[in-house]
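Colleague: pasting a predicted model and its sequence here:
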Amino acid sequence: MIFNQQCRCYTVSGEISNGGLNQFYFNNMKPLAEMSIEGFSALGSQKLSDVMAKAVELYQDYKQVLDGYNDGTVESFSASYARENF
């Protein structure tokens, strides 16, 4: 179980480090967001768990805006950074 949590947290960290929360959600990693809240906490990183909980909350506020950019093209992905979502 701990290995699965580590893998999820590693994937979440990599996506966010590479392109921020915008990329994380654009790449349809939403299911991992909720799982990583528990995972980071189980791994002893409550601060990262809290950050992901806030990210999930913010995503709900911006979901419709981000979904409007997601037509599968690089251009729409790039355009999504023009607006400060997170």
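Modeller: Done, it's in. Numbers count the residues shown, from 1 in each chain.
Colleague: which residues touch the spatially most central residue of the chain?
Modeller: Centroid-nearest residue in the chain: residue 24, 4.0 Å away (criterion: C-alpha atoms, centre = their mean). Under the criterion of C-beta atoms under 8 Å, 6 or more residues apart in numbering, the neighbours of residue 24 are 12, 15-16, 33, 55. From N, CA and C alone the C-beta is placed, and that goes for glycine too.
Colleague: of the residues you listed, which belong to strands?
Modeller: Among the contacts of residue 24, none falls in strands (DSSP state E).
Colleague: biggest separation within the residues you listed, which pair?
Modeller: Using C-beta to C-beta, the two most remote members of these are 15 and 55, lying 11.2 Å apart.
Colleague: count the neighbours of residue 26 for me.
Modeller: Neighbourhood size, residue 26 [other C-beta atoms under 10 Å]: 19.
Colleague: and the average pLDDT for whichever strand or helix holds residue 18 is what?
Modeller: Per DSSP states H and E: residue 18 is located in helix 2-26. For helix 2-26, the mean pLDDT works out to 86.
Colleague: again with stretch 37-57
Modeller: Summarised as a single mean, pLDDT over stretch 37-57 is 93.
Colleague: send the alpha carbons of it over as PDB?
Modeller: Below are the C-alpha coordinates for stretch 37-57, written out as PDB (Å, rounded to 0.1, in the frame of the first residue of the first chain):
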ATOM      1  CA  ILE A  37      -3.800  14.100  -0.200                       C
ATOM      2  CA  GLU A  38      -3.900  10.900   1.700                       C
ATOM      3  CA  GLY A  39      -0.600   9.700   0.300                       C
ATOM      4  CA  PHE A  40       1.400  12.700   1.300                       C
ATOM      5  CA  SER A  41      -0.100  12.600   4.800                       C
ATOM      6  CA  ALA A  42       0.700   8.900   5.100                       C
ATOM      7  CA  LEU A  43       4.300   9.600   4.000                       C
ATOM      8  CA  GLY A  44       4.600  12.200   6.700                       C
ATOM      9  CA  SER A  45       4.300  15.300   4.600                       C
ATOM     10  CA  GLN A  46       1.300  17.100   6.000                       C
ATOM     11  CA  LYS A  47       2.300  20.300   4.300                       C
ATOM     12  CA  LEU A  48       2.100  18.800   0.800                       C
ATOM     13  CA  SER A  49      -1.100  17.100   1.800                       C
ATOM     14  CA  ASP A  50      -2.600  20.400   2.700                       C
ATOM     15  CA  VAL A  51      -1.300  22.000  -0.500                       C
ATOM     16  CA  MET A  52      -3.000  19.300  -2.600                       C
ATOM     17  CA  ALA A  53      -6.200  19.700  -0.600                       C
ATOM     18  CA  LYS A  54      -6.200  23.400  -1.500                       C
ATOM     19  CA  ALA A  55      -5.400  22.600  -5.100                       C
ATOM     20  CA  VAL A  56      -8.400  20.300  -5.300                       C
ATOM     21  CA  GLU A  57     -10.500  23.100  -3.800                       C
END
